[in-house]
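K.L.:
Here is a sequence together with a model predicted from it:
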Number of protein chains: 2
Amino acid sequence: MGGGDWRPVKRTRTFEDVLAQIERRIAEDGLTAGDRLPAERQLAEQLGVSRSSVREAMRVLETLGVVSSQVGRGPDAGAVLISRPDSALTDLLRLHLGLASLEPREVIDTRHMIEQWAASRAAAARADTSALAAALAGMDGARTAEEFVEHDTAFHCAIADASGNRLIAAIMRSLRDSMRRYAVEAVERLGDTSILRADHVRILEAIDRGEADEAARATSEHLAHAYPALFPGEH
Amino acid sequence: MGGGDWRPVKRTRTFEDVLAQIERRIAEDGLTAGDRLPAERQLAEQLGVSRSSVREAMRVLETLGVVSSQVGRGPDAGAVLISRPDSALTDLLRLHLGLASLEPREVIDTRHMIEQWAASRAAAARADTSALAAALAGMDGARTAEEFVEHDTAFHCAIADASGNRLIAAIMRSLRDSMRRYAVEAVERLGDTSILRADHVRILEAIDRGEADEAARATSEHLAHAYPALFPGEH
DNA sequence: ACCACAGTATGGTCTGACCATATCAGGGAG
DNA sequence: CTCCCTGATATGGTCAGACCATACTGTGGT
């Protein structure tokens, strides 16, 4: 073990270099959603790497919800910058739940925290509640548990949207997506959803009146009602 | 344009099939962190696809913090299942911040929400505070802004860890990582960090005494102190 | 018992080819 | 002139095969 001045020939993989270059270009050129990246073959030539490496970098960016690749020709073809953190977060949560490295309880608690915060914020900002009302109406017309959960999800995501924080909204949407299966089971187990409906109305009205504390409280109690159905074994 | 029974030859890309297969295998075989996936060539042969497609799937899983690839030979080589949502979240946030699809304010608010919740939870659970104390000591010995922020980050992440929710902790870590640059600038702008230190002591003691509300309040006020330095332009 | 060295399985990269798709550019029919 | 058909073309998606660097494994010699 000689001196400490050893230097690795190569620390980063080629596709990581490509990623760094693309990220640098995004920052320097001020690219935003909607702008196009060079074609794969072109990018490979520009950076002096193979197309495979460029493709692997593209896959990473696509996974992170930063680009969308379209085949064909024309203005819409190629790699276009987008901004869709939602699906990336959803995939991330789903996989880590599958690996049992995250427990449902942790996801539920996170959702509780977010939702309470969002409801309070939405009320304070006197946000528009038409989306919430529409989701509520959808829940009334639901004929199956799946359909009910669909509109329930829309309701709760609408609250997150109304908070005005897109990061919160994206996390909320991902949490709901990754928990969808559990939610459907819970609704089926519950049977009567009238209590949930009353909760929703209370939340909506609190936001409508701009009562932040009441909105947070109503949300918290609503989730307390829903929890036993989600965790039938616990108490 | 004949009848409507047209069937697409292929709706999903090959690497997406591979991803689905791997995910299915994880679920069915109950694989968890530490288990190994088959080698790329072997997987390609098993699934009847090219190695490139397998590699692209691997890149996705790696991006999501689900596998780690090691070259060479032996028990530690190959694709090993891991569970590291942190880096994936960090990359996601950093890129979307760079795309200007997320504003710093949204990240800051999210952090505020999380930290308040975590402090309250940690206090309620009477969590061990030795990690917090250690981080606090590190801040006292810090000679540069970078060093200070380093230990400050450790302090706040320790609170998130103490909440017992790994998802929250992962989000917290990612938020801090993606905001590191701003934090360093803020500390340099602030100069005197004695106020921050007093805040930290107050938070730590509240958690130590199990006073959840006081812990949340102290955290909130601490962040209120730090905000002006983060957004010097606003008021 | 130890060590040096060839063997080998692994991921990382490159090349070149072919396919499917979607637009684009012309040319012919009306 | 307009409309539609058709071939050219640019794009991502996939494949096959090769080579390299790395890191363990086993073997044979000391």
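P.N.:
Perfect, I can see it now.
K.L.:
so what's A:D109 closest to, chain neighbours aside?
P.N.:
Nearest non-adjacent residue to A:D109, counting by Cβ to Cβ, 6 or more residues apart in numbering or on different chains: B:N165, 5.6 Å away. No exception for glycine: its C-beta is placed from N, CA and C like everyone else's.
K.L.:
Which neighbouring residues are in contact with that neighbour, exactly?
P.N.:
By Cβ atoms under 8 Å, 6 or more residues apart in numbering or on different chains, the residues touching B:N165 are A:106, A:109-110, B:118, B:121.
K.L.:
Go again with 7 Å.
P.N.:
A:106, A:109-110 (Cβ atoms under 7 Å, 6 or more residues apart in numbering or on different chains).
K.L.:
How much space separates it from A:A183?
P.N.:
B:N165 is 19 Å from A:A183, where distance means Cβ to Cβ, to the nearest Å.
K.L.:
what sits against the nearest residue to A:A124 once chain neighbours are set aside?
P.N.:
Leaving aside its sequence neighbours, A:A124 sits nearest to A:A212 (Cβ to Cβ, 6+ apart; 4.4 Å). A:A212 is in contact with A:120, A:123-124, counting by Cβ under 7 Å, 6+ apart.
K.L.:
Where does pLDDT dip in chain A?
P.N.:
A:1-10, A:233-235 (pLDDT under 70).
K.L.:
residues in it within reach of chain B, list them.
P.N.:
Chain A comes close to chain B at residues A:23, A:26-27, A:32-33, A:52, A:55-56, A:59-60, A:63-64, A:66, A:81, A:83, A:85, A:88, A:91-92, A:95-96, A:98-102, A:106-107, A:109-110, A:113, A:117, A:165-168, as judged by Cβ under 7 Å from any Cβ of the partner chain.
K.L.:
now, which of the residues you listed lie close to DNA strand D?
P.N.:
With Cβ under 7 Å from any atom of the strand as the criterion, the residues of chain A next to chain B include A:52, A:55 near DNA strand D.
K.L.:
Okay, and which of the residues of chain A next to chain B map to helices?
P.N.:
Of the residues of chain A next to chain B, the ones assigned to helices by DSSP state H are A:23, A:26-27, A:52, A:55-56, A:59-60, A:63, A:85, A:88, A:91-92, A:95-96, A:98, A:106-107, A:109-110, A:113, A:117, A:166-168.
K.L.:
Of the residues you listed, select the buried ones using a PyMOL command.
P.N.:
Selection of buried members from those for PyMOL, criterion 16 or more other Cβ atoms under 10 Å in any protein chain shown:
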select buried, chain A and resi 23+26+55+56+59+60+63+85+88+91+92+95+96+98+106+107+109+110+113+117+166+167+168
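K.L.:
Using the three-state scheme, assign the nearest residue to A:R176 once chain neighbours are set aside.
P.N.:
Leaving out its chain neighbours, the residue that sits closest to A:R176 by Cβ to Cβ, 6+ apart is A:T153, at 4.7 Å. Assigned with DSSP: H, G, I helix; E, B strand; the rest coil, A:T153 falls in the helix class.
K.L.:
ok, now how distant is A:T153 from chain B?
P.N.:
A:T153 sits 19 Å away from chain B, taking Cβ to the nearest Cβ, to the nearest Å as the criterion.
K.L.:
Secondary structure element for the nearest residue to A:E115 once chain neighbours are set aside, which one?
P.N.:
Nearest residue to A:E115, sequence neighbours excluded (Cβ to Cβ, 6+ apart): A:T219, at 5.3 Å. Applying DSSP states H and E as the criterion places A:T219 in helix A:212-230.
K.L.:
mind saving the C-alpha coords of that helix as CSV?
P.N.:
Written as CSV, here are the backbone C-alpha positions of helix A:212-230 (Å, rounded to 0.1, in the frame of the first residue of the first chain):
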residue,chain,number,x,y,z
ALA,A,212,-57.3,26.5,8.6
ASP,A,213,-57.4,24.8,12.1
GLU,A,214,-60.8,23.3,11.6
ALA,A,215,-59.7,22.0,8.2
ALA,A,216,-56.6,20.3,9.7
ARG,A,217,-58.7,18.9,12.5
ALA,A,218,-61.4,17.6,10.2
THR,A,219,-58.7,15.9,8.0
SER,A,220,-57.0,14.4,11.0
GLU,A,221,-60.3,12.9,12.3
HIS,A,222,-61.3,11.7,8.9
LEU,A,223,-58.1,9.7,8.6
ALA,A,224,-58.6,8.4,12.1
HIS,A,225,-61.9,7.1,10.9
ALA,A,226,-60.3,5.5,7.9
TYR,A,227,-57.4,3.9,9.7
PRO,A,228,-59.1,1.1,11.5
ALA,A,229,-60.4,-0.2,8.1
LEU,A,230,-56.8,0.0,6.7
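K.L.:
Just checking the distance from that helix to the centre of its chain.
P.N.:
21 Å (Cα atoms, centre = their mean, to the nearest Å).
K.L.:
residues contacting A:Q21?
P.N.:
Counting by Cβ under 7 Å, 6+ apart, A:Q21 touches A:L47.
K.L.:
Sorry, slip of the keys, the one I care about is A:S178.
P.N.:
A:90, A:93-94, A:97, A:107.
K.L.:
Is it correct that A:D35 is in contact with A:S83?
P.N.:
No - at 11.1 Å, A:D35 and A:S83 do not qualify as touching, with contact defined as Cβ atoms under 7 Å.
K.L.:
With neighbour numbers in mind, choose between these two.
P.N.:
Remark: of A:D35 and A:S83, A:S83 carries more neighbours, 20 against 14, as counted by other Cβ atoms under 10 Å in any protein chain shown.
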